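J.: sequence unknown, structure follows:
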């Protein structure tokens, strides 16, 4: 816990100076160690890269300790030849991910020309992308495919820039072509940071974005007494043959694992709805992919033993979509009456109509991202015919959290119905993220 007033006095200056000196010594020592390791590895480029990456991992962990970074890892880092995407907040992201996953990084070409940092990046095999040369992209994709095939892990930052850490920009799909082309599944990770009370917030002292100068920012970061860093690895990788859809799904996976600094993971206290929107969009896309693979009869048929379709797959999907439609149509009025939602029979009998509705709902949810989560709402649900009260007080954030849980419940029922008919459903379909994380933790303990 920082001493009151410490951040304005000599202790802050002394801490930054001492850390800078120690960081210089640490960097020089690990740089020489990496050079020696590469020489011992001979001329084999694979062995040289492995040696450099192992040394860089040790360097990253030592740097985090020197900077007072307390690292929390949620989920299982991928291993072997993997592709991993993450949101991008700071140069500190490199150290956090290198300490946990031992990857090769893809960086913008300007970094290769930076003093010291550029040389270190080249030494550990960083791939540099020149965004102004579209013709160079095919060669870069071939390099990425070759590294993954050789068993190396690769990290991409598809936002294309850094942010203040309180939002996640749309993902650029360009480099994801290597995954779409080869069918390789892509892992996702979410990064977030926090600083102690009384210190500059993470968006000022940890996030490096906009027009911040590197020297001033490094000085602010070195002066912090400690930093909380969290990296959350998604429980399931994402695969697809369309790079644009893959980019959207991966952004949803990152959002679903993301913790906004200064806010809870359930939406209260957040400045925007990005996390909750991402979770709900990801669930709707899961439903859309499942529907796309079903025969119309399997979608519209009643549950085994039921006399009509009221409890079939289509009925569960219709119910989910109507709740989303109700929220999107009514929230601007400050009041939501779920009981007054229209019942549309077509949505439970026509899978094409359901998929078209999902596409419109995703657009509507994405448009909510700039809205404040604490926007007040009066909500009515399961009210009696004589209940004309104002409804229960809620917020837009709470309602999106409710809809995510509501959707998971009904998708779980869909999975049960389809499996009862002998139709294969992905293991993670209709399973809450917390349950997936628990299963992953249990499996790690079992090993």
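T.: Looks like it arrived, so ask away. Given the structure is predicted, the values throughout are model-derived calculations rather than measurements. Numbers count the residues shown, from 1 in each chain.

J.: give me the number of residues near residue 212?
T.: 15 (other CB atoms under 10 Å). The way it works is simple: take the backbone N, C-alpha and C, and place the C-beta from them, glycine included.

J.: go on, residue 106?
T.: As a burial measure, residue 106 scores 19 neighbours (other CB under 10 Å).

J.: ok, it touching residue 155?
T.: Yes - here residue 106 reaches residue 155: they are 6.9 Å apart, a contact under CB atoms under 8 Å.

J.: now residue 378, what's its secondary structure?
T.: At residue 378 the chain is in strand, as set by DSSP: H, G, I helix; E, B strand; the rest coil.

J.: domains of the protein?
T.: Annotated domains of the chain cover 6-262, 280-446 [automatic domain parsing].

J.: can you redo the ones you listed as a markdown table with distance to residue 274?
T.: As requested, these are exported to a markdown table (distance: least, CB to CB, whole Å):
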| stretch | distance to residue 274 |
| --- | --- |
| domain 6-262 | 6 |
| domain 280-446 | 5 |
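
J.: mean pLDDT lowest for which of those domains?
T.: With a mean of 84, domain 280-446 has the lowest mean pLDDT of these.

J.: Show me the strands in the stretch 301-447 of the chain, by range?
T.: Under the criterion DSSP state E, counting those that start in this stretch, the stretch 301-447 of the chain contains strands at 335-337, 376-380, 392-395.

J.: Just the buried residues of the second one, please?
T.: In other words, strand 376-380. By neighbour count on 16 or more other CB atoms under 10 Å, the buried set for strand 376-380 is 377, 379-380.

J.: which residue is nearest the middle of the chain?
T.: The residue lying closest to the centre of the chain (CA atoms, centre = their mean) is residue 254, at 1.0 Å.

J.: Next up, identify which helix or strand that one is on.
T.: In the assignment (DSSP states H and E), residue 254 maps to helix 243-257.

J.: what comes up buried for the helix or strand containing residue 98?
T.: Residue 98 is part of helix 92-101 when elements are defined by DSSP H and E. Neighbour-count burial for helix 92-101 flags 92-101 (criterion: 16+ other CB under 10 Å).

J.: can you list contacts of it?
T.: Residues outside helix 92-101 that contact it (CB atoms under 8 Å, 6 or more residues apart in numbering): 56-57, 59-61, 63-64, 67, 69, 71, 73, 77-78, 82, 84, 86, 103, 105, 153, 155, 157, 189, 191, 193, 206, 221, 227, 229, 231.

J.: Can you tell me which of these are classed as buried?
T.: Buried by 16+ other CB under 10 Å: 56-57, 59-61, 63-64, 67, 69, 71, 73, 77-78, 82, 84, 86, 103, 105, 153, 155, 157, 189, 191, 193, 206, 221, 227, 229, 231, out of the contacts of helix 92-101.

J.: In helices, which of these fall?
T.: Among the buried ones among the contacts of helix 92-101, the residues falling in helices (DSSP state H) are 56-57, 59-61, 63-64, 221.

J.: now, the most widely separated pair of those residues?
T.: Spanning the widest gap among these are 57 and 221, at 20.9 Å by CB to CB.

J.: ok, back up a step: quick check, nearest of the buried residues of strand 376-380 to residue 332?
T.: Lowest distance from residue 332 to the buried residues of strand 376-380 (CB to CB) belongs to residue 377, with 10.1 Å.

J.: Give the bridge partners for that closest one, please.
T.: Under DSSP bridges, the beta-bridge partners of residue 377 are residue 394.

J.: In this structure it contacts residue 331, no?
T.: Yes - taking CB under 8 Å as the definition, residue 377 is a contact partner of residue 331 at 6.3 Å.

J.: just checking, what packs against the longest helix anywhere in the chain?
T.: If you go by DSSP H, the chain has its longest helix at helix 10-40. In terms of contacts (3 or more CB pairs under 8 Å, 6 or more residues apart in numbering; DSSP states H and E), helix 10-40 is packed against helix 45-66, helix 117-123, helix 214-223.

J.: Which residue is the nearest non-sequential neighbour of residue 371?
T.: Excluding its sequence neighbours, the residue lying closest to residue 371 (CB to CB, 6 or more residues apart in numbering) is residue 273, at 5.7 Å.

J.: what do you get for residue 19?
T.: Nearest to residue 19 is residue 222, by CB to CB, 6+ apart, at 4.6 Å.

J.: where's that neighbour relative to residue 68, distance?
T.: 10 Å (CB to CB, to the nearest Å).
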